[in-house]
Structures are given as structure tokens and as C-alpha cells.
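>>> Predicted model follows, preceded by the sequence.
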Number of protein chains: 2
Amino acid sequence: MDESQVAQVRRFNRAVTQHVGALEGSYLRRGRPLGQARLLHEIGPDGIEVRALRERLRLDSGYVSRLLRALEAQGLVRTENRTGDGRVRRAVLTEKGRAERATYDALSDELAASFLTPLDPARRERLVAAMAEVERLLKAGAVELRLEAPQTPTARFCLDRYFGELARRFETGFDPGRSNSATDAEMTPPAGYFVVAWLDGEPVGCGALKVGDGITGEVKRMWIAPSARGLGIASRVLEWLETQARETGLRRLRLETNRTLTEAQALYHRKGYQEVAPFNAEPYAHHWFEKRL
Amino acid sequence: MDESQVAQVRRFNRAVTQHVGALEGSYLRRGRPLGQARLLHEIGPDGIEVRALRERLRLDSGYVSRLLRALEAQGLVRTENRTGDGRVRRAVLTEKGRAERATYDALSDELAASFLTPLDPARRERLVAAMAEVERLLKAGAVELRLEAPQTPTARFCLDRYFGELARRFETGFDPGRSNSATDAEMTPPAGYFVVAWLDGEPVGCGALKVGDGITGEVKRMWIAPSARGLGIASRVLEWLETQARETGLRRLRLETNRTLTEAQALYHRKGYQEVAPFNAEPYAHHWFEKRL
DNA sequence: AGGCTTATCTGACTAAAGTCAGAGAATGGA
DNA sequence: TCCATTCTCTGACTTTAGTCAGATAAGCCT
């Protein structure tokens, strides 16, 4: 790790907590405890289930309950039971609560604008662009990879998106039944592995490894959500699978891909995969790759 | 103000308070109340006067006093009276306090590194560059201009730096006595104005306006601290002086400059000043400019 | 139906953060 | 010299934020 890079990040942290943090703390609470203000904001125009609220803000259930009572007493929030599940309650903003939240929103806008107004238009654009870049790359850094059983709803969600994307992009469409298999069993340890990339509690990518004969493994099901592309997640998923492959004792990895998936091919080249002669009869493949581990 | 820009700033604020803020809050306190941790950090290796501490952290005097007692009880801080003024006390770190602070420092480094480690080298560089840009432009936005009497120590400080810079940059050196005047009286309202640019309580630039005959004013003493260049401060100082000039009823502004001050000439061109024939005998000038208001 | 789990709430508690009023010593200016 | 001001400290207080241990009701599983 480069020392000067670390120093720059520290300067940034300091500058930003001073400017953004300090202001958000005082300016945006309107004489209300921060906890209540956060809740009010998080409830949002459509209301939210209490448990979701708790989870998002990572607060104790008793504490949330008390905060909601306080907001109710101020006439800003209503809680109701109509959720299908009789245990679950929803917090919804009243008319007054919506108005109050709109005020917060306006203040938030004002605060944001206060960063921009003193700058000339060229510098404004530069600031906004740099902020977008920082935000994106911080997001990239916050991505976490976790092994997932292929039967879970999360895994299903990823695979559905993956198949959907193939169907849209392949010139011939895509029918999983005609394609080379990667069954649940083949993606379950120790026969194989299915990994999901998470960002803020949402799955944003996946990948699978088939251990096969124990010598030559196969990489399958590499998918990244459109909203999370360009963050280097595919690289990390692939690295995760390769590490797993090495630990399992595999000597080489293989994969095949369609010619329309150009960014995937670029990734495989970058990661040291060599294009080789077709090693199977996958009807949707145009390129076959291999890498020694 | 562009709406999408405001939206981006808000997204940034959100992302950053989540990542930086949340972590700083929990990770950097080492089981110690945040207040104490902040004090420990702010005291620094050389100690600090208690009143300065109070002002920087904007805390109640009683509260600071109590926090210091707590840190003393832990053997981390000593307060002493040797300050010249018998009322003022200094807080100084003990050996143990210095060690504790070093630990915080290391944690801070670690926290910073945690943003970088998940990224590949290319993205690391991009993140660091974008952070530097954001930091710089936030700083730029935080600059404030205030009228200052030319006799004050702050004004003296700026003028000394200004003269020092001229002496270094002009091929012939610089002797204020031989140059066209801008006396204290000429920079004091209503005969003239002296403005200082402030950043975090430090003067980082200045500029002056001589009202002269009430028709044609003169811009003088434009200086920006090296550490604050590239932030558009000179532009803002010049705009401030022009606004003042208009309010005073001036019809045009003049200024002269040395050929070595190329960035100044670029600024004047950008701001609509036209190069004109010499209108005075300033020995250090090579270019004369004028602008109708 | 019975037992386990989940979602929410209440009561009882603690620690941190901060405010306010004034006391006491030192200093500065008239 | 005297009076107002400055700086620090202490005591007494409030509010916020948060934790923990149940109680209660509803749903899930067999």
C-alpha cells in the first residue's frame, strides 16, 4: 500500500467529515434528536415495515419502537397493521410528517447546493464528477463476496438475471436446456461453488465453479448487475473462484463464452486466460479459454 | 443551479457519511467516548492551549474541562500553567498519551487503507485522485472574503508574502519604495478597499482597490498563497473588488503587471481586461490592463 | 394441537454528551 | 486602585442514545 495514497485518503476523510458531517449533524436536524430525524427520513413517502427500518438503521428493536412512539406523539407518523403478516407493522408518514420530511429534503438540497454555489461552472462540474467517481469507487470497495447455496432465492435471483441477459444479448436467444449444464448439485460443495457479490445487502453479481474431475475445473454463470458494472466486481468474483479452485487442488480452469460478451472476453484475457480450441460442444459458445493455476 | 448536480452531491454526502462517518465513529474510538478520543487527537504532539481546544472543537468550557480531567485520570494528559498568561492553561500529552495517540494514528491509517485494499491498483489511483479533487474543491468552496483594515497583522502578513513573492519572481528583484504606491490610507474606505480571502481561519489571499478620482479605480496587491492556488480564489477576489468598484460608482478599472506573472495576465484576460498602452510609469510593469465596468 | 420462531413493544437501566450558572483567580484598562 | 473581562473549573442538571430482559401476540412446522 502506497503511503502517500493512505495520507490522501486520510486528508479526504478529515475534510469531508468537517464539511459534510458537521453540517449534516447540526443543520439537518431542525431541533430534533438525530435519531428521530433519521427515522423520519428513512420512513419515506410510501412508508416502510418496522423491521426493515430496524435493519437499515441497525438499531435495537426497543429503541426503534420508542422513536416511533415519539414521532407518533408529534403527529408525524402513523403505524398500521395491514401487512398480511399480523406481527409485522408498517410506519407511514402522516400529512404533517410528509411536510416535515419535505422540509428536510429542501434543506438537504440547500446543503448540497452550498458546496456548489461558491464555485464557477467549470469547477462545479469537476467537483460533481469527482464526487461521482469517489462514490462509485467507495461502493466498489464495499462489495463483499460470499458463498451461497444455489437453491436459495438470492442465487435464483442472480441466475434468472443471468439467463435473462444472455437471452437478450445472444443473436439466437438463449435456452438453458440446450446449453452445457451447471446444476445445483454441480455448484454445491464439494462438487462446485456458487459465489454471490453483495453491495449494501443487495446481490449484484455471481459466479460458479464446477470442480469436475478434480484436475480441470470450469468457470460458469459469471454475471454482474448492470448498475454495478465498471467497479471491478467481475475480477474479484473470478479471483475468488480461482482461489477456491487452487485450494481444491485443481490444476487448470476452463470456460467458454459467446462472441457478443465482449467485456467478458476482455476480462478473461486480462486475467491470463488463453484462447484454446473448442473443448466441448456448447452450442452458444464462440470462444474457449483455459488457464493453468 | 443544475438539479442533477445537486442530486449527485446528495448521493455523495450520503455515501460518504455512511462509509467514512460510520467507521470513524465506531472504529476509531477504542472503547473510549468519542469526545475524549477527539480531544486526544486534537491536543497533538506539541500540546495546545485549552481555549484553542475549546474553540476548535466548539465545545462548552465546562465540558472540555471535564473531558480533560477524565484524560488526566487515565494518565494520558497533563495540564500546565506555563503560558505567560496565568489564566490560560495548556494541555499536553504524557508519554502514555502520545503512545495512545499513535495507536489512533495507526488505526486511522488502517481505516484509510481499508478503502483502498479491495481495489485493484488502477482503481486505487483513480479513487485517490478523485478524493484529492473533491478535497481541493470543497476547500475552494469554503473560502470566504472579508474586508480588512490594511494595518491589521493579517493584512501585514498578506502584504509581506506578496512583496516576498514579487522579490523572488521579478528578474530585477522588488523594492516597494520604487513602485507605484498603495498606502494604508489608499486602501482604507472610502479611499480604497483591502480584502482578505480566508480558509479555515487562515488568510490565503488578498487584493486591494484604490478608488482614486472616483472614475477610474486601480486593482492592486493581488496575491494568493501557494498552497491555495488553482482554487479560483483570485477570480473571486477580483470579482469582489469589481463589485465594490461598481457600488462606489467607478466607471473603469486599471491595473499593471510584470511579465513574469503569467497566471495573473491569463486571469485578467479571462475576466475581460484589455491590454492598453502604459498609463503610468510603474518601473516593474510590462503590461497595462483596463476594463470598463 | 403444541412447540418453536418472529415481530413488536414496555420497563428498567446505563453512559455519553452537553448545558447552565456561578465561583475564583488573573489580567487589562481607566 | 478598582472594575470589567477573561479563562478555567465545579456542581447540578437535562437530553440523547442505546442496551437488555422479558412479555405478548402472531405465524410456521410437524
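Thanks, I have it. Numbering: from 1, shown residues only, chains lettered A, B, ... in the order given.
>>> pLDDT score for the closest residue to residue A:82 other than its chain neighbours?
Distances taken as C-beta to C-beta, 6 or more residues apart in numbering or on different chains put residue A:90 closest to residue A:82, at 7.1 Å, once the chain neighbours are dropped. All C-beta spots, glycine's among them, are computed from the backbone N, C-alpha and C. pLDDT recorded at residue A:90 is 93.
>>> next SSE after the helix or strand harbouring residue A:66?
Remark: residue A:66 resides in helix A:61-73, with elements defined by DSSP states H and E. Elements were assigned by DSSP H and E; along the chain past helix A:61-73, the next helix or strand is strand A:77-80.
>>> What strands line up against the helix or strand that that next one is followed by, and which way round?
Sequence-wise, the next helix or strand downstream of strand A:77-80 (DSSP H and E) is strand A:90-93. Within its sheet, strand A:90-93 is paired with strand A:48-49 (antiparallel), strand A:77-80 (antiparallel), according to DSSP bridges.
>>> Output these in a markdown table; the columns should cover mean neighbour count.
Below are those laid out as a markdown table (neighbours: other C-beta atoms under 10 Å in any protein chain shown):
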| stretch | mean neighbour count |
| --- | --- |
| strand A:48-49 | 16 |
| strand A:77-80 | 16 |
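>>> between those strands, which one is nearest to residue B:140?
Smallest distance to residue B:140 across those (C-beta to C-beta): 38.4 Å, for strand A:48-49.
>>> Grab the most central residue of chain A for me.
Closest residue to the average C-alpha location of chain A: residue A:199 at 2.7 Å, with C-alpha atoms, centre = their mean.
>>> picking that back up, now the residue nearest to residue A:82, which residues is it bridged with?
Under DSSP bridges, the beta-bridge partners of residue A:90 are residue A:49, residue A:80.
>>> And the pLDDT at residue A:259?
Model confidence at residue A:259 (pLDDT) stands at 89.
>>> Skipping adjacent residues, who's closest to residue A:81 in space?
residue A:89 (5.9 Å).
>>> Am I right that the one you found is in contact with residue A:80?
Yes - when contacts are counted by C-beta atoms under 8 Å, residue A:89 is listed as touching residue A:80 (6.8 Å).
>>> Residue A:216 reaches residue A:255, doesn't it?
No - checked against C-beta under 8 Å, the pair residue A:216 and residue A:255 is beyond contact range at 10.9 Å.
>>> of those two, who's got more company?
residue A:255 (23 against 16; other C-beta atoms under 10 Å in any protein chain shown).
>>> Tell me, how many residues neighbour residue A:184?
Neighbours around residue A:184, by other C-beta under 10 Å: 14.
>>> Give the phi and psi angles for it, as a check.
Dihedral pair for residue A:184: phi -50, psi -40, per degrees, to the nearest 10.
>>> does DNA strand C sit close to stretch A:13-23?
No - on the criterion C-beta under 7 Å from any atom of the strand, stretch A:13-23 is out of touch with DNA strand C, staying 10.7 Å away.
>>> For residue A:273, which of the strands paired with strand A:90-93 is the nearest?
Across these, closest to residue A:273 is strand A:48-49 (C-beta to C-beta), at 44.9 Å.
>>> Nearest to DNA strand D: which residue in the stretch 101-250 of chain A?
Per C-beta to the nearest atom of the strand, residue A:153 is where the stretch 101-250 of chain A lies closest to DNA strand D, at 13.3 Å.
>>> That residue and residue A:8, how far apart?
Distance from residue A:153 to residue A:8, counting by C-beta to C-beta, to the nearest Å: 41 Å.
>>> what does residue A:271 give?
From residue A:271 to residue A:8 the distance is 28 Å (C-beta to C-beta).
>>> Settle it for me: which of the two has more neighbours?
Using other C-beta under 10 Å as the criterion, residue A:271 and residue A:8 rank with residue A:8 on top: 19 against 15.
>>> can I assume that one is in contact with residue B:125?
No - Residue A:8 lies out of contact with residue B:125 (C-beta under 8 Å); the separation is 10.4 Å.
>>> Now do stretch A:213-220: distance to the chain's middle.
Centroid displacement of stretch A:213-220 relative to its chain, using C-alpha atoms, centre = their mean, to the nearest Å, is 28 Å.
>>> on that earlier part again, in contact with the residue of the stretch 101-250 of chain A closest to DNA strand D, which residues?
By C-beta atoms under 8 Å, 6 or more residues apart in numbering or on different chains, the contact set of residue A:153 is empty.
>>> what's the answer for the one 5 residues further on, then?
Residues in contact with residue A:158 (C-beta under 8 Å, 6+ apart) are A:196, A:203, A:205-206, A:221, A:223.
>>> what do you get for residue A:28?
Contact analysis of residue A:28 by C-beta under 8 Å, 6+ apart lists A:37, A:104, A:107-108, A:111.
>>> Now render the residues you listed as TSV, adding pLDDT.
Supplementary listing: the contacts of residue A:28 in TSV, determined by pLDDT from 0 to 100:
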residue	pLDDT
A:37	92
A:104	88
A:107	87
A:108	86
A:111	86
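>>> quick one: which of the residues you listed is nearest residue A:73?
Using C-beta to C-beta, the contacts of residue A:28 come closest to residue A:73 at residue A:37, 15.3 Å.
>>> near DNA strand C, anything from the host helix or strand of the closest one?
Assigned by DSSP H and E, residue A:37 belongs to helix A:34-43. No - Helix A:34-43 stays clear of DNA strand C (C-beta under 7 Å from any atom of the strand), getting no nearer than 10.0 Å.
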